[in-house]
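**Q** what would the 3D arrangement of this be:
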Amino acid sequence: MREKWQLKWRNKKSGELKKSVCRKSGIKRLLFLLPGFLGVLLFYLLPFLEVVRRSFFKAGNHAFVGMENYRAVWNNAAFLRAVRNTAYYMAAGVPLLMGISLILALLMRRLTARRKLVSALLVPMAVPAAVMVLVLRILVDKQGLINGVLSFVLERAGGGTAFTGTDYLNSKGALAVVIGSFLWKNTGYMMILWLAGLAGLPKEVEEAAAVDGAGRWQRWHYVIRPQLAGSFFTIGMLSVLQIFRSYREIWMAAGSYPQENIYFLQHLLQNWYLKLEFDQMAALTVLLSAVLLVLCLILQKRLEADAG
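**A** Presented below is the predicted three-dimensional model:
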């Protein structure tokens, strides 16, 4: 009987000791995360909450106007044009960037001497924005390299009429030029991310599928693609962020009021900032944040369903 009570007492003490250790370990984890959480709170969450608050007030006299700022944004013709152009830019740029970089990653996956090719594709990421804009102007200007080559080819072909060049950044094809420069700058970086995701896949499963007679398409569709759900989500979100980050080069190349097909939401925000229309800026920022949040949730649900 005495031994039984001693055993119970030891088990109780052991359980209490384990709980104490777990509690101390949990406190240490919280303390480790605390600096990062405080940084996010001070520099992201609180400023964003202040933006949300300002979206319901007038910028000049700080009078509460409710949804008036949102209505003003929605009824603005420049806003509708900017939303349309930004949507076209994202709808074309993001799938092309993800698709081209994924194809390149799949092609380079089996290459043993791929380091030089990868380094060459990463060069655009290291090029300063000013140099990139200069190269873009040299290529697409009315007196640029593309028009020069076309003029030379037409003259050699015996064209009867003189070739008049086009300033492509001020033409209807301006959006195609912007998408091309976006792909040139970001494809190498996204390819590295795809290669990292592919490197983490177990080769045994793919080899077993090949032994069982699965073709390349079947191995991709049933073996590789479901395991890349996390990479699809990460690279998709990064591609959307790169779309918004590419505004700097567009502004340096085309100015604050570019051709109407490349007038994006960033142009609108900057022009409102210069006009001190902070109330409409706040409302537009809240709307953009809500749209991006919905897109993230939809993409995450879609990828989770594909992975399952």
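**Q** ok, A209 - contacts?
**A** For A209, the contacting residues are 218-219, 222-223, by CB atoms under 8 Å, 6 or more residues apart in numbering. C-beta: built from backbone N, CA, C; applies to glycine.
**Q** for A78, give its distance to T86.
**A** From A78 across to T86, the span is 12 Å (CB to CB, to the nearest Å).
**Q** the two - which one has more neighbours?
**A** T86 (21 against 16; other CB atoms under 10 Å).
**Q** and the more buried one, helix, strand or coil?
**A** Of the three states, T86 takes helix under DSSP: H, G, I helix; E, B strand; the rest coil.
**Q** number of residues surrounding A208?
**A** 12.
**Q** so it: helix, strand or coil?
**A** Classification of A208 by three-state DSSP places it in helix.
**Q** which parts of the stretch 101-250 of the chain are helices?
**A** Ranges of helices in the stretch 101-250 of the chain, per DSSP state H, counting those that start in this stretch, are 115-126, 129-140, 145-156, 174-199, 203-211, 216-219, 225-227, 229-245, 247-254.
**Q** helices or strands up against the first one?
**A** Here helix 115-126 touches helix 77-108, helix 174-199, going by 3 or more CB pairs under 8 Å, 6 or more residues apart in numbering; DSSP states H and E.
**Q** JSON lines for the helices of the stretch 101-250 of the chain, including mean pLDDT and distance to M90?
**A** Putting those into JSON lines (pLDDT from 0 to 100; distance: least, CB to CB, whole Å) gives the following:
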{"stretch": "helix 115-126", "mean pLDDT": "77", "distance to M90": "20"}
{"stretch": "helix 129-140", "mean pLDDT": "86", "distance to M90": "20"}
{"stretch": "helix 145-156", "mean pLDDT": "81", "distance to M90": "26"}
{"stretch": "helix 174-199", "mean pLDDT": "90", "distance to M90": "10"}
{"stretch": "helix 203-211", "mean pLDDT": "75", "distance to M90": "32"}
{"stretch": "helix 216-219", "mean pLDDT": "78", "distance to M90": "28"}
{"stretch": "helix 225-227", "mean pLDDT": "81", "distance to M90": "22"}
{"stretch": "helix 229-245", "mean pLDDT": "86", "distance to M90": "5"}
{"stretch": "helix 247-254", "mean pLDDT": "87", "distance to M90": "13"}
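**Q** the ones you listed: which one's closest to L38?
**A** L38 sits nearest to helix 229-245 of all the helices of the stretch 101-250 of the chain, at 23.8 Å, using CB to CB.
**Q** follow-up on the earlier one: do you know which of the helices of the stretch 101-250 of the chain lies nearest A82?
**A** That would be helix 247-254 among these, by CB to CB, at 11.3 Å.
**Q** next, the angle from the closest one to helix 174-199.
**A** 150 degrees (axes from the mean of the first three to the mean of the last three CA atoms, to 10 degrees).
**Q** dump the helices of the stretch 101-250 of the chain into a markdown table; add distance to N61 as well.
**A** As requested, the helices of the stretch 101-250 of the chain are exported to a markdown table (distance: least, CB to CB, whole Å):
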| stretch | distance to N61 |
| --- | --- |
| helix 115-126 | 46 |
| helix 129-140 | 39 |
| helix 145-156 | 52 |
| helix 174-199 | 39 |
| helix 203-211 | 65 |
| helix 216-219 | 64 |
| helix 225-227 | 56 |
| helix 229-245 | 32 |
| helix 247-254 | 31 |
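**Q** the ones you listed: which one's closest to Y70?
**A** Counting by CB to CB, Y70 lies closest to helix 229-245 out of the helices of the stretch 101-250 of the chain; the figure is 20.8 Å.
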